[in-house]
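Chemist: A structural model of the following input is requested.
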Amino acid sequence: MTTSPRRITVLLGGYSSEREVSLSSGQGIARALRARGYDVSELDAGQPLDRIVAGLQEQKPDVVFNGLHGRFGEDGSIQGILEWMRLPYTHSGIRASAVAMDKNAARQLFQAAGLPVARGTLVTPDELETSDPLPLPYVVKPLSEGSSVGVSILRKGDNRRADIARSWTWGPQILAEEFIPGREITVGVLEDESRVPHALTVTDITPDASAAFYDYDAKYKAGGSRHVLPAEIPADIFAEARRIAVEAHRTLGCAGASRTDFRYDDTLTDGSSGRLVILEVNTQPGMTATSLLPEQAAYCGISYEDLCERLVMLAGTGL
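Modeler: From the prediction side, this is the model:
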């Protein structure tokens with residue numbers, strides 16, 4: 001932004017499976033920006049497109065704070081509308097948003113950039129129903145959902161494969177990836193005033209013992225997981241995770257902030273520190289009270305209000 005914005009519209013809610021998370025994120029963002037003296041309006045994007053456009057035209061924001069998650073808010077759709085309306089907005093632009101949301105497209109870019117991904121393949125529900133696409137154990141996940149929606153781990157002796165395939169509702173293709181044992185870690189990336197991305201810290205995430213993995217409930221329910229930051233992992237893995245997160249941010253062309261989720265296999269017996277594998281890059285990291293990016297920012301001395309304001313100041317168009 002070349003001038004200081006005063007009127008902010010926070011987009012929240014939306015149509016995706018992450019609507020409730022977005023409502024919580026958006027309300028927190030609005031409170032933080034009001035506390036900083038901004039004139040803030042909230043606009044629920046879970047309504048027909050003409051009403052969303054009319055609401056933006058009526059509110060006349062200097063900046064739109066995109067607090068949406070999942071489909072239509074994180075995949076380039078709302079970004080295209082805001083570009084068309086010539087409204088500056090927070091976070092990544094159309095291309096980075098669309099590619100990051102398509103897990104297979106993102107995998108291909110990461111591989112081309114020399115970044116680590118799990119062995120994987122695309123299958124149809126019919127193919128999954130017929131046979132295992134990879135040696136067990138492996139993970140099946142939708143191509144374009146976030147927050148672990150639709151993710152299942154299939155292990156030896158598991159008889160759920162056909163049921164999962166027959167009840168699949170997340171599109172015509174399924175991404176199957178090798179299961180990486182070990183731990184879940186994540187690294188937030190935040191750009192500075194010159195738009196240079198910097199890794200924050202590394203968080204080690206331990207789901208509640210009742211969770212099969214770091215699923216939706218573990219991410220958003222109070223007490224669903226334990227966050228350890230900085231992560232208590234070998235120094236070389238810590239540094240490498242931060243480096244890869246910044247490179248992934250750059251590779252996708254992200255803007256403002258992102259968060260890269262990893263599996264860290266610390267079970268290897270080859271004498272190494274272990275293996276890092278990118279799970280995904282989130283271009284719209286959660287901003288709820290239990291979200292990882294605000295937690296990491298706070299650890300680095302950046303308050304929630306500071307974080308929201310910095311993202312406003314980094315807003316742009318045509319990213």
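
Chemist: so, low pLDDT: which residues of the stretch 151-300 of the chain?
Modeler: 208-224 (pLDDT under 70).

Chemist: and the helices in it?
Modeler: Assignment of helices within the stretch 151-300 of the chain using DSSP state H, counting those that start in this stretch yields the ranges 161-166, 216-220, 235-252, 292-299.

Chemist: looking at these, which one is packed in the most?
Modeler: Highest mean neighbour count among the helices of the stretch 151-300 of the chain (mean count of other C-beta atoms under 10 Å): helix 292-299, with a mean of 21. Any C-beta I mention is one placed from the backbone N, CA and C, and that applies to glycine too.

Chemist: same for that helix, what does it pack against?
Modeler: strand 183-191, strand 197-207, strand 257-265, helix 304-313 (3 or more C-beta pairs under 8 Å, 6 or more residues apart in numbering; DSSP states H and E).

Chemist: dump that helix to CSV, restricted to CA.
Modeler: Taking Å, rounded to 0.1, in the frame of the first residue of the first chain, the C-alpha atoms of helix 292-299 are listed here in CSV:
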residue,chain,number,x,y,z
LEU,A,292,-0.4,-21.8,14.8
LEU,A,293,0.7,-18.6,12.9
PRO,A,294,-0.4,-16.1,15.6
GLU,A,295,1.1,-18.4,18.2
GLN,A,296,4.5,-18.4,16.4
ALA,A,297,4.3,-14.7,15.8
ALA,A,298,3.7,-14.0,19.5
TYR,A,299,6.8,-16.2,20.3
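
Chemist: hmm, who's touching it?
Modeler: Outside helix 292-299, the residues that touch it by C-beta atoms under 8 Å, 6 or more residues apart in numbering are 186-188, 190, 200-201, 203, 205, 227, 229-230, 257, 259, 285-287, 303-304, 306-307.

Chemist: so V312 makes contact with P88?
Modeler: No. Contact criterion C-beta atoms under 8 Å: V312 and P88 do not qualify, at 9.1 Å.

Chemist: for these two, indicate the residue with more neighbours.
Modeler: For V312 versus P88, the count of surrounding residues by other C-beta atoms under 10 Å is larger for V312: 24 against 20.

Chemist: measure that one to S97 for me?
Modeler: Distance, V312 to S97, by C-beta to C-beta, to the nearest Å: 18 Å.

Chemist: measure stretch 71-83 end to end?
Modeler: 17 Å (C-alpha to C-alpha, to the nearest Å).

Chemist: now do it: distance to the chain's middle.
Modeler: Chain-centre distance of stretch 71-83: 15 Å, with C-alpha atoms, centre = their mean, to the nearest Å.

Chemist: contacts for it?
Modeler: With contact meaning C-beta under 8 Å, 6+ apart, stretch 71-83 is reached by 11, 14-17, 22, 45, 49, 52-53, 56, 64, 66, 68, 89, 92-95, 97-98, 100-102, 144-146, 282-284, 317-318.

Chemist: let's see which of those end up in strands.
Modeler: Applying DSSP state E to the contacts of stretch 71-83, the entries found in strands are 11, 64, 66, 282.

Chemist: drop anything exposed from these.
Modeler: 11, 64, 66, 282 (16 or more other C-beta atoms under 10 Å).

Chemist: any chance of those in a markdown table, with distance to G76 too?
Modeler: Formatted as a markdown table, these follow (distance: C-beta to C-beta, whole Å):
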| residue | distance to G76 |
| --- | --- |
| L11 | 14 |
| V64 | 15 |
| N66 | 11 |
| N282 | 14 |
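
Chemist: between these, which is closest to E240?
Modeler: Closest to E240 out of those is N282 (19.3 Å), distances taken as C-beta to C-beta.

Chemist: from L252, how far out is that closest one?
Modeler: Per C-beta to C-beta, N282 is found 11 Å from L252.

Chemist: ditto for L311
Modeler: Going from L311 to L252 by C-beta to C-beta gives 17 Å.

Chemist: so L190 is in contact with L307, correct?
Modeler: Yes. Taking C-beta under 8 Å as the definition, L190 is a contact partner of L307 at 7.5 Å.

Chemist: now for the two: what residues contact both?
Modeler: By C-beta under 8 Å, 6+ apart, the residues touching both L190 and L307 are 257, 293, 297.

Chemist: list just the nearest of these to D266.
Modeler: Ranked by distance to D266 (C-beta to C-beta), the shared contacts of L190 and L307 are led by L293 at 23.9 Å.

Chemist: quick one: the closest one from V187, how far?
Modeler: Computed as C-beta to C-beta, the L293 to V187 distance reads 10 Å.

Chemist: quickly list what's touching both of these two.
Modeler: Residues touching both L293 and V187 (C-beta under 8 Å, 6+ apart): 200, 259.
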